[in-house]
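1. have a look at this prediction, sequence included:
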Amino acid sequence: EIKTEVISTDGDIFSRNRALLETSLLKDKHVAILGLGSIGSVAALELTRAGVGEFTLIDPDHVQIHNLCRHACDLSELGMDKVTAVARRIHRIMPSAKINTYTFDTNAAPDKTMEILEKTDVILVATDTDNSRRLANWIAHKHQIPIIIAGLLERAAGGRVWRIIPGKTACYNCYPSDQETAPASVAYSKAASPRDLTIQPGLGNNIAFI
């Protein structure tokens, strides 16, 4: 005789969160994440655990060996598109989550980006280029969508997070230039070889905190 237990992924997964927040409010929310690297991949899984029911994931890159020391994915996803790998991880936590994935560069397709983002409730930007942040910031203000922008400082020495509510807070473009994330000598996503990059000493737990 085997003891069995009937579980509900819609309810039981979040049973310990109920005293902290009403996760049922997040079930019908749609979050877009631009950039599924070390920050975006971790954020996607934490939002899943918080109860978010729908995701739009945008990133043109795939999982590479040097990503694994700080990324949410592992060797089993090596070579996969980052959006596909993270979507698979989300479904391992919440099988009923609705996920839309796109593997294009937002800077190269601003109209397509706006068409996709205007249907979301919150935008999370975890890209490594200032142009993509400013594009998402403009779209968020045009359609009055709350947006969070998170980025690391040079050499992963720290990071900054901007929480922006259109009409209530300053936008990303409103901050003085010295408040922006310091640019690397070569954009991480554009480097042809790891040798083109300065060393990034931040550990996974430092980046996950951002």
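-> Received it, and whenever you're ready, just let me know what you need. Residues are numbered from 1 along each chain as shown.

2. separation between the nearest residue to Lys29 once chain neighbours are set aside and Leu25?
-> Ranked by Cβ to Cβ, 6 or more residues apart in numbering and with sequence neighbours excluded, the top spatial neighbour of Lys29 is Asp121, at 4.8 Å. In this view, the C-beta of every residue, glycine as well, is placed from N, C-alpha and C. From Asp121 over to Leu25 the distance is 11 Å, taken as Cβ to Cβ, to the nearest Å.

3. so where's this structure uncertain?
-> Low-confidence segments of the chain (pLDDT under 70): 10-12, 16-23, 154-155, 176-201.

4. which residue ranges of it form strands?
-> Taking DSSP state E, the strands of the chain run over residues 30-34, 54-58, 98-102, 122-125, 147-152, 159-164.

5. could you dump the ones you listed into CSV and include mean neighbour count and distance to Leu135?
-> Listed next are the strands of the chain as CSV, based on neighbours: other Cβ atoms under 10 Å; distance: least, Cβ to Cβ, whole Å:
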stretch, mean neighbour count, distance to Leu135
strand 30-34, 23, 9
strand 54-58, 23, 11
strand 98-102, 16, 14
strand 122-125, 22, 9
strand 147-152, 23, 11
strand 159-164, 16, 14
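
6. turn those into JSON lines, columns for distance to Val6.
-> Output for the strands of the chain, formatted as JSON lines (distance: least, Cβ to Cβ, whole Å):
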{"stretch": "strand 30-34", "distance to Val6": "29"}
{"stretch": "strand 54-58", "distance to Val6": "26"}
{"stretch": "strand 98-102", "distance to Val6": "24"}
{"stretch": "strand 122-125", "distance to Val6": "33"}
{"stretch": "strand 147-152", "distance to Val6": "37"}
{"stretch": "strand 159-164", "distance to Val6": "40"}
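
7. can you show me the helices along this protein?
-> Assigned by DSSP state H, the helices in the chain fall at 38-50, 82-93, 110-117, 130-142, 204-209.

8. nearest to Thr4, of these?
-> Comparing those by their distance to Thr4 (Cβ to Cβ), the top pick is helix 82-93, with 21.7 Å.

9. what sits against Gln144?
-> Going by Cβ atoms under 8 Å, 6 or more residues apart in numbering, Gln144 touches 166-167.

10. ok, 6 Å please
-> Pro166 (Cβ atoms under 6 Å, 6 or more residues apart in numbering).

11. related to what we said a few turns ago, closest to Ile7 out of the helices of the chain?
-> Across these, Ile7 has its closest neighbour in helix 82-93 (13.4 Å, Cβ to Cβ).

12. list the buried ones in the closest one?
-> Neighbour counts over helix 82-93 (16 or more other Cβ atoms under 10 Å) mark 82-87, 89-90 as buried.

13. got CSV for those, with distance to Thr4 too?
-> Formatted as CSV, the buried residues of helix 82-93 follow (distance: Cβ to Cβ, whole Å):
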residue, distance to Thr4
Lys82, 37
Val83, 36
Thr84, 33
Ala85, 32
Val86, 32
Ala87, 30
Arg89, 27
Ile90, 27
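
14. which of the residues you listed sits closest to Phe104?
-> Taking Cβ to Cβ as the measure, Phe104 sits nearest to Val83 out of those, at 10.1 Å.
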